[in-house]
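>>> sharing a sequence plus its predicted fold:
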Amino acid sequence: MDWLCIQNNVCDMLAGVHIDWELDWKGQQNRKLVKLFDAVEEAEPSLCHFQNQWAVEYLAKEVFTTTRHIPHAGTI
């Protein structure tokens with residue numbers, strides 16, 4: 001699976017767990033992040049090889065930060 005496709009999946013999953021786009025990353029509820037990380041690993045098994053989900057967190061944080069700065073991003 002290519003990188004852009006993985007990023008798009010993560011973006012969709014961010015919306016799916018109802019991330020609060022008004023808050024920064026550290027302000028997000030832990031239960032939503034756990035749900036997100038588990039969903040990303042299930043959809044993208046290649047990311048399971050990294051200990052403590054650090055790769056999933058890094059990617060999700062990057063997509064969140066980038067998407068958050070686009071007007072009306074993250075809303076469906």
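Here it is on my side, so go on.

>>> can you list the weak-confidence ranges in the chain?
1, 69-76 (pLDDT under 70).

>>> now the residue nearest the centre of it, nearest residue through space, not along the chain?
What sits nearest the mean C-alpha location of the chain, by C-alpha atoms, centre = their mean, is residue 60, with 3.2 Å. Using C-beta to C-beta, 6 or more residues apart in numbering and skipping residues adjacent in sequence, the residue nearest residue 60 is residue 10, 5.6 Å away. All C-beta spots, glycine's among them, are computed from the backbone N, C-alpha and C.

>>> helix or strand: which one has the one you found?
In the assignment (DSSP states H and E), residue 10 maps to helix 3-16.

>>> also residue 40?
helix 30-43.

>>> how about whichever helix or strand comes after that helix: buried residues?
Heading C-terminal from helix 30-43, the first helix or strand you meet, by DSSP H and E, is helix 54-68. By neighbour count on 16 or more other C-beta atoms under 10 Å, the buried set for helix 54-68 is 55, 56, 57, 59, 60, 63, 64, 67, 68.

>>> other residues contacting helix 54-68?
6-7, 10-11, 13-14, 19, 21, 25, 33, 36-37, 40-41, 44, 47, 49-50, 73-74 (C-beta atoms under 8 Å, 6 or more residues apart in numbering).

>>> likewise stretch 22-33?
17, 18, 19, 20, 57, 60, 61, 64, 65.

>>> what about the fourth one, how many residues nearby?
Other residues near residue 20 come to 11 when the count uses other C-beta atoms under 10 Å.

>>> for it, which non-adjacent residue is closest in space?
Closest to residue 20 by C-beta to C-beta, 6+ apart is residue 28, at 6.5 Å.
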